[in-house]
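> kindly return the folded structure for what I paste below:
(2 chains)
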Amino acid sequence: MLDINFIRDNLEKVKQSILDRKANVDLEKLLKIDGQRRYLIQKVDALRAKRNEAAKAKDIETGKKIKGELAGLEKQLHEIENEWSNLMLKVPNILLDEVPRGDAAQNKILRKEGEPPKFSFTPKDHISLGKLLDIIDFDRGVKVGGFRGYFLKNEGARLHWAVLNFALDHLVQKGFQPIVPPVINRRFALVGGGQFPWGEEDTYKLGDEDYLVGTAEIPLMAFHADETFNLSDLPKKYVGLSACFRTEIGSYGKDTKGLYRVHEFYKVEQVVLCEANEQESLGFFEELQDNSEDILQSLGLPYQVVCLSSEDMGKKAVITYDIETWMPSRNGHGETHSNSAVFDFQTRRLKIKYKDKDGSYKFCHALNNTAIASPRILIAILENFQQEDGSVKIPEVLQKYTNFSEIKPK
RNA sequence: GGAGGGUUGCCAGAGUGGUUAAUGGAGCGGAUUGCUAAUCCGCGGCGGUGAAUAGCCGCCCACAGGUUCGAAUCCUGUACCCUCCGCCA
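Numbers count the residues shown, from 1 in each chain, chains lettered A, B, ... in the order given. So this is what the prediction gives:
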């Protein structure tokens, strides 16, 4: 959420962001509602002042008269404020200048790291490898879990945890505090995290108030909701490990086979809260980016870094870099990581503040980035490191977690 | 799942219909005194209006409604916490 004062003072910027993102917000209506809101607040406050005076003087007759007038106005104000909040929640964040404007075709490849492997044989995809090595079972996965269901078995199950543990340890060594959060979250956390109103149909709903989160970013951000930090408490650096759930309703016919697009997976996620300073915020953006690239480089996986275009990125971010890792079966790169600077968009919704040097209260800046997500990353590991006989060599950094260096066909 | 108790400011804690929500502690700022401290003074958040981190007004006693001229206080619903019982990985 943006500050209404910022919106009023920077109308053109906000309008441009809405256009660039093809966001669906009626800004004119918001401004009109905001005018009505302020007008009603003034009337209601004045009447309340009168009422308080009458009550103090025990002037019952005057009090009764005011009560009648006030009731109608308060109801109106209440309705206007609801409408106001709903519109405010839909206004997207501003965009940094370097974000390419346009649709996904405008995504800008910033750099490529590592060389895609050259096979002297016809490489298999992870689906056949999974079957051959007896480590992934899609048939029974669908039988039990439904469409997009899967079982990881044997070395596959262990490789999955190995990758997650490796990423977790890597971040802990860099000073991130490890957290296993709840994945059943209340509605406020999803609204506060900026997941809603946009991503509501992608989210599993459990009851009137409870949802299954699609990322640990949601509970990690809500962790500090309604809290105020001292300057010395910042930055907060967290690394969360959690299950993630996504309905994938928006991508129904896409990637219908394999581990690429599944309803449930695990992810190690980095989250940072820092001072409300764009320089500092963007410094952490680079730091989180480096962390993820370190992890991929340690694994020996080739990848490219992409700056997402205005229409392709989330509405809450001011800038997003995706990492796409090389996946031989796609003969191309597939998204495995997503790094976003969000500034105070989420913390304003969640009321996460700190007391600045001058004594004023400010909303923190926030960032989040994938460290690793499994099983999607297993696609890259299995396919890139496969041998001619279908066996797969395990990256060295993972071996202390797997206790094996190779998976062989059964 | 059953029964009971509770939720007040950073913390503790008083307050059961009528002034600015006691009091104590912590923290921060200032004053004073130099003896590892004491003493004194000041300090909540949000919104509206302002150039204003000035004044003024409003709102905030878990949250949402209701009763009343007037609600922390009475009523209803919801959430959470505690105790006991039951069940249980």
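
> residues from the stretch 51-200 of chain A in reach of RNA strand B?
A:51, A:52, A:54, A:55, A:56, A:58, A:60, A:63, A:64, A:66, A:67, A:78 (CB under 7 Å from any atom of the strand). In this view, the C-beta of every residue, glycine as well, is placed from N, C-alpha and C.

> the closest residue to residue A:106 other than its chain neighbours - how many residues pack around it?
Among residues not flanking residue A:106 along the chain, residue A:309 sits closest, at 4.0 Å (CB to CB, 6 or more residues apart in numbering). Residues near residue A:309, counting by other CB atoms under 10 Å, number 21.

> is it correct that residue A:309 falls within a helix?
No: secondary structure of residue A:309 (DSSP: H, G, I helix; E, B strand; the rest coil): coil, not part of a helix.

> give the contact list for it.
A:99, A:100, A:101, A:102, A:103, A:104, A:105, A:106, A:107, A:108 (CB atoms under 8 Å, 6 or more residues apart in numbering).

> mind running it again at 10 Å?
Taking CB atoms under 10 Å, 6 or more residues apart in numbering, we find residue A:309 in contact with A:20-21, A:95, A:99-108, A:320.

> rebuild these as TSV, extending it with neighbour count.
Converted to TSV, the contacts of residue A:309 look like this (neighbours: other CB atoms under 10 Å):
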residue	neighbour count
A:20	18
A:21	21
A:95	20
A:99	23
A:100	19
A:101	13
A:102	14
A:103	12
A:104	11
A:105	9
A:106	15
A:107	19
A:108	13
A:320	24
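
> what two of the residues of the stretch 51-200 of chain A next to RNA strand B are the furthest from one another?
Pairwise distances among those were taken by CB to CB; the largest, 28.3 Å, belongs to A:58 and A:78.

> if you count surrounding residues, which of those two has more?
residue A:78 (12 against 7).

> quick one: the residue nearest to residue A:106 from residue A:319, how far?
Plainly put, residue A:309 is 11 Å away from residue A:319 if you go by CB to CB, to the nearest Å.

> who touches both of those two?
Shared contacts of residue A:309 and residue A:319 (CB under 10 Å, 6+ apart): A:95, A:99.

> give the contact list for the closest residue to residue A:408 other than its chain neighbours.
Counting by CB to CB, 6+ apart, residue A:408 lies nearest to residue A:391, which is 4.6 Å off, once chain neighbours are set aside. By CB under 10 Å, 6+ apart, residue A:391 lies in contact with A:129, A:132, A:133, A:385, A:406, A:407, A:408, A:409.

> next secondary structure after the helix or strand hosting residue A:168?
Per DSSP states H and E, residue A:168 falls inside helix A:154-173. Downstream of helix A:154-173, the next assigned helix or strand under DSSP H and E is strand A:177-179.

> which of the residues in that next one are buried?
For strand A:177-179, the neighbour count (16 or more other CB atoms under 10 Å) marks residue A:179 as buried.

> one more: stretch A:394-410?
Judged by neighbour count using 16+ other CB under 10 Å, the buried positions of stretch A:394-410 are A:394, A:395, A:397, A:398, A:401, A:402, A:407.

> ok, the residues you listed vs RNA strand B, which is closest?
Distances from RNA strand B to these, taken as CB to the nearest atom of the strand, are shortest for residue A:401 (24.7 Å).

> who's in contact with that closest one?
When contacts are counted by CB under 10 Å, 6+ apart, residue A:401 touches A:158, A:159, A:161, A:162, A:163, A:164, A:165, A:166, A:169, A:394.
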